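K.L.:
model this:
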Amino acid sequence: MSNLEISQELDQKDLTRLRVLECVRNEKEISRIDIATALKISPATVTSVSADLLSAGLVAEVRGDQESKSGIGKRGRPRTMLKLNADAHKIAGLKIARRAIYVLITDFEGEKLASYEHPLDTVTMSPDELAQYAYEAVKHACDKTDFTIEDISCVALGVPGQVNPNENYVHWSSSLTKRDVAMGQVLDRWFTCPVFVENDANLVAKAEHRFGEGRGFNTFIVVTIEHGVGLGIVLDGHLYSGHRGCGAELGHMKVQLNGALCQCGQRGCLEAYVGEYALMREVSVAGSAEKMSSVADITKSAKAGNPLAQSILERAGQMFGMGIGNLINLFDPERIILSGAQVDFDHLHSQHVMDSIKRSVVNESTPLPEICVHRWHEDMVTKGAAAYGIEQVSKIKIKQVVSDAA
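P.N.:
Numbers count the residues shown, from 1 in each chain. Presented below is the predicted three-dimensional model:
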């Protein structure tokens, strides 16, 4: 079942159930009267909806303190609170990286149950190979626990590239040898549970919003810096990726007409000047006598006064600043998060880059949005993938509440 099919099948009552479930998730434990106050719906509606969620096994009742947050309730009598039923479902969140698949298995509350790093023999592979590797990675993660892969309720997969999550369709990915792949259908041949595919940068944005530097912000932007350049956009508290789910492709924003060749096959893309592969290509083309086999080497050489290394990083910073300036002109976000597992991207938030951003912003008289740096391990993406999977399985199970009662 695709995301679009799930969304189209949800009626108003289902959406109310989702709102109540999300309210419980956000608060950890909450009373029915406090849910009604928070969501501005009637206590009777909350009572009816909570009964459905209890019947579906998605929430459980626990004893709380004596008085609600709203001050309503009888003193001296413990209240009945609602919390998520952690044991209801097990979710697998995956990230496809260049040399490994990272897996995080969580319970329905998002708490870690197991993790696993599955090495890859190749950077790019066929869709069938990727699906097999993904299945093997989840199975190995489950082998470290007391449950099996058949106990997994949902798998959410983060891949680099242009992804339509509504259809689980990958238009292009640096991890795949083919374009225009119905990846959901390929994965369905391996997994017995629902599988969902999303752009990995979007999952970083989701993780930042729930766990990281995006908490407390309604409108912010995450720029991921790894082998390439990705973008996740949160507008009014919701992930935005365009009508087809293929938007927010900062790395493929054109910054120079007929410019450098990008790994996507087009020319002049931002990441063709900023991505790790782009910087290493510059070193190779220049034929430097000094050995520079990583971004860390280039940075070290630049600090030591190597003019080639300095030139490469300066141009990357200038192009990156132009791209960030364009984002500010388009979205005017509260915060911009430069997020990545790559240790060496100091050259992309230097004063030189800040100056480039200011020159690219139309309204130079107002302060720039807050720009912060968050270096993470691959588990940031798998956390986002697991959170995404929890959302999707919640929609499926809520729809079944009505079906099972019919």
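K.L.:
Next, the buried residues of stretch 44-60.
P.N.:
Of all the residues in stretch 44-60, those buried under the rule 16 or more other Cβ atoms under 10 Å are 45-46, 49-50, 52-53, 56, 58-60. For glycine as for every other residue, the C-beta is placed from the backbone atoms N, C-alpha and C.
K.L.:
for the record, mean pLDDT for stretch 391-403?
P.N.:
Stretch 391-403 shows an average pLDDT of 83 in the prediction.
K.L.:
hang on, C264 in a strand?
P.N.:
No - checked against DSSP: H, G, I helix; E, B strand; the rest coil, C264 lies outside a strand; its state is coil.
K.L.:
what are the phi and psi values for it?
P.N.:
Its backbone dihedrals place C264 at phi -80, psi -10, with angles given as degrees, to the nearest 10.
K.L.:
For it, which residues are in contact?
P.N.:
Taking Cβ atoms under 8 Å, 6 or more residues apart in numbering as the contact definition, C264 lies against 172, 174, 252.
K.L.:
And what about the second one, helix, strand or coil?
P.N.:
By that I understand S174. Secondary structure of S174, per three-state DSSP, is coil.
K.L.:
helices or strands up against the helix or strand that T382 is a member of?
P.N.:
Using DSSP states H and E, T382 maps to helix 379-405. Packed against helix 379-405 by the contact rule (3 or more Cβ pairs under 8 Å, 6 or more residues apart in numbering; DSSP states H and E) you find helix 3-9, helix 12-27, helix 43-55, strand 91-96, strand 100-106, strand 154-159, strand 195-199, helix 200-210.
K.L.:
Could you pull up the mean pLDDT of the third one?
P.N.:
Spelled out, that is helix 43-55. The average of the pLDDT scores along helix 43-55 is 94.
K.L.:
can you give me the helices for the stretch 51-200 of the chain?
P.N.:
With DSSP state H, counting those that start in this stretch, the ranges of helices along the stretch 51-200 of the chain come out as 127-143, 183-188, 200-210.
K.L.:
meant to ask about the stretch 301-406 of the chain, not that
P.N.:
With DSSP H, counting those that start in this stretch as the criterion, the stretch 301-406 of the chain has helices at 307-331, 351-360, 379-405.
K.L.:
Pick the most deeply packed of those helices.
P.N.:
Relative to the other members of those, helix 379-405 carries the highest mean neighbour count by mean count of other Cβ atoms under 10 Å, namely a mean of 22.
K.L.:
and it with strand 154-159, angle?
P.N.:
Angle, helix 379-405 to strand 154-159, by axes from the mean of the first three to the mean of the last three Cα atoms, to 10 degrees: 140 degrees.
K.L.:
Return the closest of the buried residues of stretch 44-60 with respect to V24.
P.N.:
Relative to V24, the closest of those is V59; by Cβ to Cβ it sits at 5.8 Å.
K.L.:
Can you read off the pLDDT for the closest one?
P.N.:
On the pLDDT scale, V59 gets 95.
K.L.:
pretty sure it is touching L21, no?
P.N.:
Yes - contact between V59 and L21 holds when scored by Cβ atoms under 8 Å: they sit 7.1 Å apart.
K.L.:
The helix holding T382 vs strand 100-106, what angle?
P.N.:
For helix 379-405 and strand 100-106, the angle between their directions (the same axes, to 10 degrees) works out to 50 degrees.
K.L.:
measure stretch 339-348 end to end?
P.N.:
Taking Cα to Cα, to the nearest Å as the measure, stretch 339-348 stretches 11 Å from start to finish.
K.L.:
Below-threshold pLDDT in the protein: ranges please.
P.N.:
1-9, 65-78, 245, 288-289, 341-344, 364, 378, 402-406 (pLDDT under 70).
K.L.:
Specify the residue ranges that define each domain of it.
P.N.:
3-84, 91-204+380-398, 214-378 (automatic domain parsing).
K.L.:
For beta bridges, what are the partners of the closest residue to A385 other than its chain neighbours?
P.N.:
In this structure, A385 finds its nearest non-sequential neighbour in G93, 3.1 Å apart by Cβ to Cβ, 6 or more residues apart in numbering. Beta-bridge pairing of G93, defined through DSSP bridges, involves L104, A156.
K.L.:
which ones are touching G93?
P.N.:
Residues in contact with G93 (Cβ under 8 Å, 6+ apart) are 103-106, 156, 158, 203, 381-389.
K.L.:
That one and I152, how far apart?
P.N.:
Separation of G93 from I152 (Cβ to Cβ, to the nearest Å) stands at 11 Å.
K.L.:
same question, R210
P.N.:
The value you get for R210 to I152, if Cβ to Cβ is used, is 21 Å.
K.L.:
ok, now E208?
P.N.:
Applying Cβ to Cβ, the value for E208 to I152 is 25 Å.
K.L.:
neighbour-wise, which of the two wins?
P.N.:
When E208 and I152 are compared for neighbours, E208 comes out ahead with 27 against 24, by other Cβ atoms under 10 Å.
K.L.:
Quickly find the element holding the nearest residue to that one once chain neighbours are set aside.
P.N.:
The shortest distance from E208 to any residue that is not its chain neighbour, by Cβ to Cβ, 6+ apart, is 3.8 Å, and that residue is G214. For G214, there is no enclosing helix or strand under DSSP H and E.
K.L.:
Since that was my last question, I'll sign off now.
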